[in-house]
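> how would this look folded up:
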Amino acid sequence: MCPQLRADKALVWLHGTVKTPPFSADARVESGVLLRRLQRGEALGLPSSRPMPSIGKRCHELRVVDEDITWRLIYRIDVDAIVITNVFKKKTEATPRSVIEVCRQRYRAYDSV
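Numbering: from 1, shown residues only. Purely as a prediction, here's the structure:
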């Protein structure tokens, strides 16, 4: 299939939103641009995204710097969709264990349907 005719992957939101507020308008736009790139099949790397194998295969953390807040969107790249399982403020270097566990649970529930 010609790349221009390939349909964008759907965005599936299991939890969280990207809206103003709490995101600034600039951070909301940046999030939208990055998500659109993912939908079109582009592989993102640092500093925009990094793999999160602690959550599962094909899972990643999208990074959005917003004035004095750093946002994270946890997503998984499926064949037909970008599945977003969490949106949160990042306050520490490491992703909180509770976030990792919640994301795993949400993906298990999503996969069982």
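> just the helices in the chain please.
Remark: helices assigned in the chain by DSSP state H are 25-39, 97-111.
> now those in CSV, with mean pLDDT and distance to residue 59?
Glycine gets a C-beta too; all of them are placed from N, C-alpha and C. Output for those, formatted as CSV (pLDDT from 0 to 100; distance: least, Cβ to Cβ, whole Å):
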stretch, mean pLDDT, distance to residue 59
helix 25-39, 92, 13
helix 97-111, 94, 7
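> so can I have CSV of those helices showing distance to residue 55 and mean neighbour count?
CSV is the format used below for the helices of the chain (distance: least, Cβ to Cβ, whole Å; neighbours: other Cβ atoms under 10 Å):
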stretch, distance to residue 55, mean neighbour count
helix 25-39, 16, 16
helix 97-111, 5, 15
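> For residue 12, find the nearest of those.
Comparison of these against residue 12 by Cβ to Cβ identifies helix 97-111 as nearest, at 7.6 Å.
> who touches that closest one?
The contact list for helix 97-111, computed with Cβ atoms under 8 Å, 6 or more residues apart in numbering, reads 12, 14-15, 52, 54-56, 59, 74, 76, 83, 85-86, 88.
> what does stretch 58-78 give?
9, 16, 18, 22-24, 26-27, 30-31, 34-35, 38, 44, 47-53, 55-56, 82-90, 95, 99, 103, 107.
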